[in-house]
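1. need coordinates for the following:
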Amino acid sequence: MKISDRLLEKLAEMVVGDEVHFPYRSSSYITLFFERCGLPFVHDGTTRPFWAKQRLMELNLGPCPAPDLPSKDLCRVITELFDPYDFENFNDKLARQGVNDPAQYADIDKAIERLNTYLKRDGLEIYKAENDRCYLKSKGTGTSTAGLAQPDRPLSKDEI
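-> Below is the predicted model:
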């Protein structure tokens, strides 16, 4: 399934940390995030949310692991958004800087709620499993990324 342009825009803001409750990512950390997703994207210095949305639009065209889920790579990006280490690392950095305003801290549970407000329009939901990893599922069929095999993706031109 292809996800809506509006959702891609919100996802881009979440990837770069411009959305409330998500860790902020500078240019180099955006690149590292996509590397962890197994994607060869390198931020080129352009406006962070615009650049991220363009990459997500490319991923939206990829093959889907199930008819009622987004592309395999988009599923990976969405689930990687909720890596607990990113939230802890960001909050530790704020604490070291002496930031005392709780509203500025990243909160994984609130971030899940925030994303779910947008995902429900596309019949999707992100949830936290017992292993503290987050997965995407279709609210219609219950198909989840937790139960899907993650086959290797084709190599990019740069990787070849």
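
2. hmm, what's the outermost residue in this protein?
-> Using CA atoms, centre = their mean, the residue of the chain lying farthest from its centre is residue 98. It sits 27.6 Å away.

3. who's in contact with that residue?
-> Contacts for residue 98 were tallied using CB atoms under 8 Å, 6 or more residues apart in numbering; there are none. Glycine gets a C-beta too; all of them are placed from N, C-alpha and C.

4. that one and residue 10: what is the separation?
-> Computed as CB to CB, to the nearest Å, the residue 98 to residue 10 distance reads 31 Å.

5. give the helix, strand or coil label for the residue farthest from the centre of the chain.
-> Secondary structure, DSSP: H, G, I helix; E, B strand; the rest coil: residue 98 is coil.

6. what's the answer for residue 92, then?
-> With three-state DSSP as the criterion, residue 92 reads helix.

7. tell me who's in contact with residue 48.
-> Contacts of residue 48 (CB under 8 Å, 6+ apart): 16, 18, 25, 27, 30.

8. what about residue 35, how many residues close to it?
-> By other CB atoms under 10 Å, 12 other residues sit near residue 35.

9. next one: residue 10
-> Counted with other CB under 10 Å, the neighbours of residue 10 add up to 21.

10. that one: what secondary structure?
-> Assignment for residue 10 (three-state DSSP): helix.

11. repeat that for residue 136.
-> Once three-state DSSP is applied, residue 136 turns out strand.

12. redo the contacts of residue 48 as JSON lines? Include neighbour count, pLDDT and distance to residue 51.
-> Formatted as JSON lines, the entries for those read as follows, by neighbours: other CB atoms under 10 Å; pLDDT from 0 to 100; distance: CB to CB, whole Å:
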{"residue": "16", "neighbour count": "25", "pLDDT": "97", "distance to residue 51": "8"}
{"residue": "18", "neighbour count": "15", "pLDDT": "96", "distance to residue 51": "12"}
{"residue": "25", "neighbour count": "21", "pLDDT": "96", "distance to residue 51": "11"}
{"residue": "27", "neighbour count": "15", "pLDDT": "94", "distance to residue 51": "9"}
{"residue": "30", "neighbour count": "21", "pLDDT": "96", "distance to residue 51": "8"}
